[in-house]
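*Asks:* my questions are about this predicted structure, shown below with the sequence.
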Amino acid sequence: MTEHSKSSLIVGAVQQAWSPVIRALQPDFDFPIDGDGANSFFARLVYLLRWWHSSPDNELTRTNRKQHLEYLHHLKSRIAQELSDAQNAGELAVRPQYYDVIDRFVVPDRNKNASFMLVNTNWDTVADEATRSHLNKTHDGEVYSLHIHGSVDDHRLLYLPSELTKEPYRTPDEDQRIGGIHGSIMRGLEGASRVVIYGLSLSPLDAELLQTLAAGFSNDNLEEVHVVVPDHELVAGRVRLLLDPRKAVKLIGHDINDLSKETVYFPAEVTGNQ
């Protein structure tokens, strides 16, 4: 790593993250739903919003546009409230290993006065607060995070699974603000020499996240990407598709319970403790 390197930490789900979301949805169903059911429902809602906002203008279309859009805003408000309540009650928490990730990949660079970017894919701000609290024990300064899918701070900008930045039902202000967050993340990644992906599967269904990362990874500064998830072989394969093939970026998977156990996927496939 260079003397004044920049690290980017991209954080996935925290413990119990889906429970408040399911509670927000459950009143609309007369049978129990789970995370998979919630994802399926979100995808269908987004499809219907796109359909009605792209259909020829008539009374039926206008009625359905209004009904579905009102429901979307109401649902996002309920989700944000449930998440905020759960976070305030201490129901949501980062996994204990998260602090080891910070100590191994972020703190060494901060000791060299290097910069650091936190990208949070969650709606809650648990990872933001955990990172700030942990780093402030030994370092001065503020931790600012970029929520690529929006946050509870503004329920209107919550980004549902399968949504894109440009949707026909968004206002110009919403479109600009969401696009601005994605642009900031891409520009931030362009200056990173190290990227750490923690607790994130990089689902093929989240194509816009994948494209945002691919655009940010395509730079002359990136030297290594670390993948810290239970199935790091799967996620490393997805990361490999996002890397610029002209660059020799080192791609390393880590055992989520023992970061010293590494698998180097690129440029050479070597398994073992490094």
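*Replies:* Structure's in. What do you need?

*Asks:* low-confidence regions, the stretch 51-200 of the chain specifically.
*Replies:* 108-114 (pLDDT under 70).

*Asks:* so which residues of it form helices?
*Replies:* 59-88, 97-101, 107-111, 126-135, 172-190 (DSSP state H, counting those that start in this stretch).

*Asks:* now do the SS call for Val227.
*Replies:* strand (DSSP: H, G, I helix; E, B strand; the rest coil).

*Asks:* give me the pLDDT value at it.
*Replies:* On pLDDT, Val227 comes in at 98.

*Asks:* could you point out the longest strand of this protein?
*Replies:* strand 258-266 (DSSP state E).

*Asks:* follow-up on the earlier one: between the helices of the stretch 51-200 of the chain, which one is nearest to Glu224?
*Replies:* Taking CB to CB, helix 107-111 is the member of the helices of the stretch 51-200 of the chain nearest to Glu224, at 12.0 Å. From N, CA and C alone the C-beta is placed, and that goes for glycine too.

*Asks:* tell me which of the helices of the stretch 51-200 of the chain sits nearest to Gln16.
*Replies:* helix 59-88 (7.2 Å).

*Asks:* report the buried residues of the closest one.
*Replies:* 64-65, 68, 72, 75-76, 78-80, 82-84, 86-87 (16 or more other CB atoms under 10 Å).

*Asks:* could you list the buried residues of the longest strand of the chain?
*Replies:* 259, 262-266.

*Asks:* that one - contacts with which helices or strands?
*Replies:* Strand 258-266 is packed against helix 97-101, helix 232-242, strand 250-255, strand 270-273, with contacts defined by 3 or more CB pairs under 8 Å, 6 or more residues apart in numbering; DSSP states H and E.

*Asks:* if you set the cut-off to 6 Å instead, what comes out?
*Replies:* If contacts are counted by 3 or more CB pairs under 6 Å, 6 or more residues apart in numbering; DSSP states H and E, strand 258-266 sits against strand 250-255, strand 270-273.

*Asks:* report the inter-axis angle for the first one versus strand 258-266.
*Replies:* Okay, so that is strand 250-255. Relative orientation of strand 250-255 versus strand 258-266 (axes from the mean of the first three to the mean of the last three CA atoms, to 10 degrees): 140 degrees.
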